[in-house]
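> Coordinates for the following, if possible.
(one chain, ligands or ions: 1)
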Amino acid sequence: MKSILSFALLGSMATSAWAVVYTDALGDCNAPMTGYGNPNVDLASVEITNTASDITFKFTTNSPSITSPDWIKVNAIIRVQGDPTTGGNAWNRPYSLNGGASAFIGGWVDGGGNGQAWKYDGMSWGGPTGPSSMLISGPSVSYTFSLASLGMSVGDLFFFDATTTGGGGNDSAWDPLNQSTGQISAPDQQTVLEPVSTYLVVPEPTTMAALGLGVAAMLRRRKKA
Ligand SMILES: [Ca+2]
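Alright, predicted model coming up:
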């Protein structure tokens, strides 16, 4: 897994967007059984962007069409720094995040597709909250959720892993971004995912630009002094 930090210019210099892309090796499915060889199970990358109020997770597979066949599911299991955590999984599937999770995203592409945001309140999982938007396109599906629905706000740092999983209710993590504690050898085998991917919920790009200008002005003043 490696991440690529980029500022993508969208239209003009005034509107840049922050996007972090976490790539995964191809052909590395953690499930040499049901679905093995199906490129939909093979996670290729996850891209995260955010605004002041929302966050978008884009899951891309190694298939030209994520809906053919359409039974795969995608997850992100997340620990927001400082939030209460649980050792469990909001979908009650047999994988958890090492050290605990505080938020969870689940998505699917069959039946027109949909997604869910969950957050742990210290006692139980709260939710699900649906996405404000969803886009299925070629190898990818992306979901936009409110930051609040995941217990996040601007300035938060979170740790996570993302994975594909199967269509069965007890299916495990079939192709996580990060190395799990052990390769699974059955589709429903218990496993633990590693929270080695990190994302900082940044201020709006316009705020970032203003901050940048402020720093530049400060440096100019410093030079003069
Ligand atoms: Ca992969």
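
> how near is residue 163 to the ion?
Distance, residue 163 to the ion, using Cβ to the ion, to the nearest Å: 10 Å. Any C-beta I mention is one placed from the backbone N, CA and C, and that applies to glycine too.

> now residue 165
For residue 165, the distance to the ion - Cβ to the ion - is 13 Å.

> which residues touch the closest residue to the ion within the chain?
Here the chain gets closest to the ion at one residue, residue 24, 4.0 Å apart by Cβ to the ion. Shown in contact with residue 24 (Cβ atoms under 8 Å, 6 or more residues apart in numbering): 1, 43, 44, 45, 46, 175, 177.

> Residue 126 versus residue 148, what's the distance?
11 Å (Cβ to Cβ, to the nearest Å).

> more neighbours, the two?
Shown here are residue 148 and residue 126; by other Cβ atoms under 10 Å, residue 126 has more neighbours (16 against 13).

> Are we agreed that that one is in a strand?
Yes - counting by DSSP: H, G, I helix; E, B strand; the rest coil, residue 126 is part of a strand.

> is it true that it touches residue 116?
No - applying Cβ atoms under 8 Å as the test, residue 126 and residue 116 come out as separate, 11.3 Å apart.

> immediately after the lowest-mean-pLDDT helix or strand in the chain, which helix or strand?
Across the helices and strands of the chain, mean pLDDT, DSSP states H and E gives its lowest value to strand 2-9, namely a mean of 48. Going down the chain from strand 2-9, the next helix or strand is strand 16-23, by DSSP states H and E.

> Nice, that's everything, thank you.
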